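**Q** I'll drop the sequence and a predicted model, then ask my questions.
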Amino acid sequence: MNILVCISNVPDTTSKINFVENDSKFDTNGVQFVINPNDEFGLTKAVWMKESNNANVTVLTVGEQSLSVVPAEQDLLKFYEANRQIFATDEKYRIVILSSKNQSDIDEGKVIWQSNYDLSLLRQVFKSIDRLDIPTGFISTIRLGTLVGPLLRDKVLSLQVGETSETLKTIYGYSIVTLVDKKDRVIPEFKEISEIVLQEYKRQQREEILEELLKDLKRQSDIKINEGYTN
């Protein structure tokens with residue numbers, strides 16, 4: 001079961017409400033915001049259903065991130081250092097895949113291909129061999145699987161730069177793949193991705209706030225589950 005709960009924040013009833021600019025704009029200074037009480041009831045019920053029915057709860061809100069605080073650059077740098085791995089770029093590969101419906105052509109063509117890597121010369125001898133239509137630039141590991149399938153992707157990951165695979169039976173017929181070049185996984189410097197780091201910081205902050213909110217709701221609701229209850 002998947003449950004979506006929409007919540008909004010509203011001024012606490014104990015807050016003093018003021019307007020500025022000729023009473024045309026709500027003044028948020030000094031105002032304490034809380035979850036809309038009706039939304040809180042809905043969220044409490046969703047938490048109860050999550051506990052009793054093993055449901056998944058997603059909470060959605062729209063509006064200003066009043067709970068989000070922009071950290072000092074020093075704190076953001078510490079966050080980056082503690083979470084460096086999540087900012088790493090994926091490994092990337094440049095490959096060439098040649099295929100033919102005739103296995104003997106691809107087996108013999110591999111020898112010519114490895115001697116000069118000239119496709120036009122290769123096709124003068126073996127017209128059945130074609131190059132798979134994929135990007136000629138670098139391709140990330142994730143996109144690689146989407147483009148060529150798991151069999152060829154796994155073979156690419158096992159190759160060294162400049163190496164050509166053995167003949168493989170694929171959906172294209174019989175194929176060989178050459179790893180032309182590779183870019184290793186790298187972690188960009190903080191200054192290069194400071195905005196990305198800030199967005200990730202805010203995302204984790206919102207998750208932590210929501211997690212604490214759910215824990216507090218569970219404590220207030222005194223949720224109990226009768227494991228022996230049956231319909």
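**A** Nice, thanks for sending it over.
**Q** can you confirm Leu60 is in a strand?
**A** Yes. Under DSSP: H, G, I helix; E, B strand; the rest coil, Leu60 falls within a strand.
**Q** didn't it look like it was pressed against Asp39?
**A** No. Leu60 is beyond contact range of Asp39, at 10.5 Å (criterion: C-beta atoms under 8 Å). Where C-beta positions appear, they are placed from N, C-alpha and C, glycine not excepted.
**Q** which residues are in contact with both of the two?
**A** Counting by C-beta atoms under 8 Å, 6 or more residues apart in numbering, the shared contacts of Leu60 and Asp39 are 5-7.
**Q** So for the most centrally placed residue in the chain, what's the pLDDT?
**A** Residue closest to the average C-alpha location in the chain (C-alpha atoms, centre = their mean): Ile86, at 10.1 Å. According to the prediction, Ile86 has pLDDT 90.
**Q** so it touches Tyr201, yeah?
**A** No. Applying C-beta under 8 Å, one finds Ile86 not in contact with Tyr201, separated by 11.2 Å.
**Q** what's the closest residue to Ile112 other than its chain neighbours in contact with, if anything?
**A** Sequence neighbours aside, Leu122 is the residue nearest to Ile112 in space, at 5.2 Å (criterion: C-beta to C-beta, 6 or more residues apart in numbering). Leu122 makes contact with 98, 109, 112-113, 129, according to C-beta under 8 Å, 6+ apart.
**Q** can you map out the helices along the chain?
**A** With DSSP state H, the ranges of helices along the chain come out as 37-53, 73-82, 103-116, 119-125, 141-158, 194-221.
**Q** With mean pLDDT added, can I get the ones you listed in a markdown table?
**A** Formatted as a markdown table, those follow (pLDDT from 0 to 100):
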| stretch | mean pLDDT |
| --- | --- |
| helix 37-53 | 75 |
| helix 73-82 | 91 |
| helix 103-116 | 95 |
| helix 119-125 | 93 |
| helix 141-158 | 93 |
| helix 194-221 | 78 |
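**Q** how about these in JSON lines, adding distance to Ile176?
**A** Below are the helices of the chain laid out as JSON lines (distance: least, C-beta to C-beta, whole Å):
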{"stretch": "helix 37-53", "distance to Ile176": "51"}
{"stretch": "helix 73-82", "distance to Ile176": "42"}
{"stretch": "helix 103-116", "distance to Ile176": "5"}
{"stretch": "helix 119-125", "distance to Ile176": "11"}
{"stretch": "helix 141-158", "distance to Ile176": "9"}
{"stretch": "helix 194-221", "distance to Ile176": "38"}
